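Trainee: Need the 3D shape of this:
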Amino acid sequence: MSWEVVIGLEVHCQINTKTKAFCGCSTEFGAEPNTQTCPVCLGMPGQLPVLNTVAVDKSILTGLAIDAKINLESRFDRKNYFYPDLPKGYQISQFAVPIVEGGYIDIPGKEGEKRIGVTRIHMEEDAGKSMHEGLEAVSHIDLNRSGVPLMEIVSEPDMRSADEAIAYLKQLHQLIRFLEVSDADMEKGQFRCDANVSVRHPGEPFGTRTELKNMNSFRFIKQAIEYEVTRQIEVIEDGGEVVQESRLWDSVKNESRSMRSKEEAHDYRYFPEPDLPPLRVSQEEVNSIKAGMPELPGQLRKRFEIEFGLSPYDADVLSQTRNLATWYESLVAAHPADPKRCANWLANELLGRLKEAGEEIENSPVSAELLAGLLDRIADNTISGKIAKDVLDAMMASGSDADAIIEEKGLKQVSDSGAIDAIIREVMDANPEQVEGYRGGKDKLMGFFVGQVMKASKGQANPGMVNQRLKELLK
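Mentor: Next up is the predicted model:
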């Protein structure tokens, strides 16, 4: 019988706030260990938490973006467990009544969109960080992260492959970044995932699941899920039983290993947080947040396809962040004649150069207006597309506009038929065998001649005119 995979995901996403969930300590990443702490986030006796309302607003915004129910009254609970990076001995979280319930994320599938249900989003505080690397026989604890506000986003077990799980995570990651709820930098641990994985024969009840813990790379998550699926099927087909347990993914050995079994699983002993009252928000507050919600990535993608004639791929690339989408629309406003050319040059040329430089679009030395000026010079045949790439490199380095660089470097495209004919005749005189071959029926030699003419003209000959004149002169 065939096997069916069942996957549900729990995503921990740090909320982008300046201060922690229940105190005024900074959340800035990269500070010296244990320098961003206070008696509240260190769990000192008698210290009372005060809720960060910005974290509340961003949790509500996320819930609205996935069409979820916002609970106007939710409650905080204490999740009790002992671990060295948890100074209080408990984590303030939401258990019985979360701030967000329901909702969905649509992902691309083989037969159109597939809807993945979201069970809940609850708020909680992050733990500290245990540090082991480069240390012999000891571990160190950095509590700077302790108390940073989190959303835990729990999906329904609706995914049926590792590819669907990654598609869901990428859509969620894009949405979170677009809403500016979080930077969601996976390398910094701001977007982490636990995967619940089981297998069954189609039509049967869910199988015993295992939980793959705390992964922060799309590639590793995919590898871990695929490994765990294979492992579970082999266990069952060999006559064994899958044990409900938590497992860790070893990205070096490319295997998962047992962390703790069901029998050893934590009983968290949730109970109501006595130091925080129920969280109450008004419908007016929710309506206000909804009114300020930007156009969402899915809506943008569809509009870019319809309004600007973009491919689904280009529309997806250009709607990855709000800044990028706004930048593209500014580019089209400055060069309205060809939205597709705008998309190609932004997605393939400018973003490629920015990635090499380690910069985001908002830090581009070439503005939308400057790039539009370069595209204008391509459109009016002042320069060729090939020369334009060299001009863009110079613009990136200097911040100058395209016209100044073209003039300074003498890069104007040669469109004079007499000048082009002279170059073509020189190329023909230097390659008599190829001329004879072309006239003898070897049409593919046209590419050779085009290349030689462009080389002789240092790329400045008008390609369209070169092709036209070659066909005439090679008759």
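
Trainee: Do a quick rundown of the helices in the stretch 251-400 of the chain.
Mentor: Listed in chain order, the helices of the stretch 251-400 of the chain (DSSP state H, counting those that start in this stretch) span 283-291, 297-308, 312-317, 322-334, 339-344, 351-357, 368-379, 385-398.

Trainee: would you list these in a markdown table and tack on mean pLDDT, mean neighbour count and distance to A21?
Mentor: The C-beta positions use only the backbone N, C-alpha and C, and glycine is treated the same way. Listed next are the helices of the stretch 251-400 of the chain as a markdown table, based on pLDDT from 0 to 100; neighbours: other CB atoms under 10 Å; distance: least, CB to CB, whole Å:
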| stretch | mean pLDDT | mean neighbour count | distance to A21 |
| --- | --- | --- | --- |
| helix 283-291 | 98 | 12 | 19 |
| helix 297-308 | 95 | 17 | 27 |
| helix 312-317 | 93 | 18 | 33 |
| helix 322-334 | 96 | 19 | 25 |
| helix 339-344 | 97 | 19 | 40 |
| helix 351-357 | 95 | 14 | 33 |
| helix 368-379 | 96 | 20 | 37 |
| helix 385-398 | 93 | 17 | 41 |
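
Trainee: Please identify which of those helices is closest to N431.
Mentor: Ranking the helices of the stretch 251-400 of the chain by distance to N431, with CB to CB as the measure, places helix 385-398 first at 21.7 Å.

Trainee: any residues touching the closest one, and which ones?
Mentor: Residues external to helix 385-398 that are found in contact with it (CB atoms under 8 Å, 6 or more residues apart in numbering): 345, 349-350, 353, 357, 365-366, 370-371, 374, 377-378, 383, 400-402, 405-406, 409, 411, 413, 454, 459-460.

Trainee: Pull out the buried members of the residues you listed.
Mentor: When the contacts of helix 385-398 are checked for burial by 16 or more other CB atoms under 10 Å, the buried set is 345, 349-350, 353, 366, 370-371, 374, 377-378, 383, 401-402, 405-406, 411, 413, 454, 459-460.

Trainee: Would you mind finding the longest strand in this protein?
Mentor: Ranked by residue count, the top strand of the chain under DSSP state E comes out as strand 112-125.

Trainee: helices or strands up against that one?
Mentor: Under the contact criterion of 3 or more CB pairs under 8 Å, 6 or more residues apart in numbering; DSSP states H and E, strand 112-125 touches helix 53-65, strand 90-93, strand 100-101, strand 104-109, strand 149-155, helix 162-178.

Trainee: List the neighbouring strands of that strand plus their orientation.
Mentor: Neighbouring strands of strand 112-125 in its sheet, by DSSP bridges, are strand 100-101 (antiparallel), strand 104-109 (antiparallel), strand 149-155 (antiparallel).

Trainee: any idea of the mean pLDDT in the shortest one?
Mentor: On average, the pLDDT along strand 100-101 is 98.

Trainee: coming back round to it: show me the one of the strands paired with strand 112-125 that comes nearest K79.
Mentor: Across these, K79 has its closest neighbour in strand 149-155 (10.7 Å, CB to CB).

Trainee: Identify all contacting residues around the closest one.
Mentor: Contacts of strand 149-155 from elsewhere in the structure, counted by CB under 8 Å, 6+ apart, are 8-15, 17, 20-21, 27, 52, 55, 58-59, 62, 93, 105, 116-126, 168, 172, 181.

Trainee: Contacts only, for P39.
Mentor: Here P39 is in contact with Q47 (CB under 8 Å, 6+ apart).

Trainee: I'd like to know how far it sits from V148.
Mentor: 17 Å (CB to CB, to the nearest Å).

Trainee: again with Y83
Mentor: As judged by CB to CB, Y83 and V148 stand 16 Å apart.

Trainee: now do K253
Mentor: 30 Å.

Trainee: any idea which residue sits dead centre in this structure?
Mentor: Nearest to the mean C-alpha position of the chain, by CA atoms, centre = their mean, lies Q174 at 5.0 Å.

Trainee: In contact with it: list those residues for me.
Mentor: If you count contacts by CB under 8 Å, 6+ apart, then Q174 has 297, 319-320 around it.

Trainee: do that again at 7 Å, thanks
Mentor: By CB atoms under 7 Å, 6 or more residues apart in numbering, the residues touching Q174 are 297, 320.

Trainee: Could you list the low-pLDDT ranges of the protein?
Mentor: For the chain, applying pLDDT under 70 flags the ranges 1, 134-135, 261-266, 414-416.

Trainee: got the domain boundaries for it?
Mentor: 4-285, 295-409, 417-473 (automatic domain parsing).

Trainee: If you count residues, where's the longest helix of the chain?
Mentor: helix 218-237 (DSSP state H).

Trainee: And the residue lying closest to D421 once chain neighbours are set aside, how close does it get to Q460?
Mentor: Once flanking residues are discounted, D421 sits nearest to R469: 5.8 Å by CB to CB, 6 or more residues apart in numbering. From R469 across to Q460, the span is 15 Å (CB to CB).

Trainee: ditto for K114
Mentor: 51 Å.

Trainee: and D275, what does it touch?
Mentor: Residues in contact with D275, defined by CB under 7 Å, 6+ apart, are 48-49.

Trainee: Numbering from 22 from now on, please.
Mentor: All right, first residue 22 from here; so that's D296.

Trainee: Extract the C-alpha trace of stretch 468-475 and format it as PDB.
Mentor: Output for stretch 468-475, consisting of C-alpha atoms alone and laid out as PDB, is shown next (Å, rounded to 0.1, in the frame of the first residue of the first chain):
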ATOM      1  CA  GLY A 468      25.500  34.500 -35.100                       C
ATOM      2  CA  PHE A 469      29.300  34.400 -35.700                       C
ATOM      3  CA  PHE A 470      29.100  37.600 -37.800                       C
ATOM      4  CA  VAL A 471      26.900  39.400 -35.400                       C
ATOM      5  CA  GLY A 472      29.400  38.600 -32.600                       C
ATOM      6  CA  GLN A 473      32.400  39.700 -34.600                       C
ATOM      7  CA  VAL A 474      30.700  43.000 -35.600                       C
ATOM      8  CA  MET A 475      29.600  43.700 -32.000                       C
END
